[in-house]
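Chemist: Below are the sequence and a predicted model; questions follow.
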Amino acid sequence: MLPSSFYQKTDVIYLAKKLLGKAIYTNINNELTAGIIVETESYRGVNDKASHAYNNKRTKKNEAMYLEGGNIYVYICYGIHHLLNVVTNKKDIPHAILIRAIEPTIGIDVMLKRRNKKKENYSLTAGPGSLTQALGISILHNMKSLNDKEIWIEDVNNEIEEYNIIKSPRVGVSYAKEDALLPWRFRIKDNPWTSKAI
DNA sequence: CCAGGGATGGACT
DNA sequence: GTCCATCCCTGGT
């Protein structure tokens, strides 16, 4: 389990790249599942027009972003999809990292059941709404800690070098004007489990 | 009070 | 490629 100090570092761009290659685990309803994080996006708080916390926006929905690093921000997108963010930085600095895809490693049978699929393929966990469903993560986990027995992240000695990280603009944030072009989406090069979004 | 809309994914042509 | 399901917070009336 990563220490809280990891998440409380101040550079959310650095941390989004550092999360690549790490393993995220859930143990929900006594069912263990896990995968390697292969795609992330950074959201850099009050000055980032794509962030839910832009301009110090603070509501019941995004309150989790203002917790200290190492907590979880889950919100529902389009009324259907539960999207998982790792909160970073100090308390009251609302930085977050969206987990966009994982490569499944443990509990694939459980993931198939949760996703209502018969056969494993790349659509099992590629995409932010898909991986939360596979891992059993929902809005119920909003504001919970990653230093916990239900959801946690581990270093599995799988460091991703800078030259193996693809950087591109974030997905679905065209409303963010000039900030929409920032290359803050990170993917492991040549990994087939990343999301298919352009 | 209520219409609008979003860090998407899946079904279908 | 196109369409659209469906939640709930937000902001304008």
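Modeler: On my side now, so go ahead.
Chemist: use CA for all of it now, contacts and neighbours both
Modeler: Fine.
Chemist: How much space separates the closest residue to DNA strand B within chain A from A:Lys49?
Modeler: Across chain A, the shortest distance to DNA strand B (Cα to the nearest atom of the strand) belongs to A:Gly127, at 2.9 Å. Distance, A:Gly127 to A:Lys49, using Cα to Cα, to the nearest Å: 22 Å.
Chemist: near DNA strand B, which residues of chain A show up?
Modeler: A:43, A:50-52, A:76-81, A:83, A:85, A:96-98, A:100, A:115, A:123, A:126-131, A:171-173, A:175, A:195, A:197 (Cα under 7 Å from any atom of the strand).
Chemist: Name the SS class of whichever residue of chain A sits closest to DNA strand C, please.
Modeler: Among all residues of chain A, A:Gly79 sits closest to DNA strand C, at 3.2 Å; criterion: Cα to the nearest atom of the strand. Secondary structure, DSSP: H, G, I helix; E, B strand; the rest coil: A:Gly79 is coil.
Chemist: burial of it, as a residue count?
Modeler: Around A:Gly79 there are 7 other residues, counting by other Cα atoms under 10 Å.
Chemist: And for A:Phe186?
Modeler: Per other Cα under 10 Å, the neighbour tally for A:Phe186 reads 26.
Chemist: where's it, which helix or strand?
Modeler: strand A:185-188 (DSSP states H and E).
Chemist: Over to A:Asn191: give its phi and psi.
Modeler: phi -90, psi 120 (degrees, to the nearest 10).
Chemist: State the helix or strand in which the closest residue in space to it that isn't next to it in sequence lies.
Modeler: Once flanking residues are discounted, A:Asn191 sits nearest to A:Val38: 7.3 Å by Cα to Cα, 6 or more residues apart in numbering. A:Val38 is part of strand A:31-44, with elements assigned from DSSP H and E.
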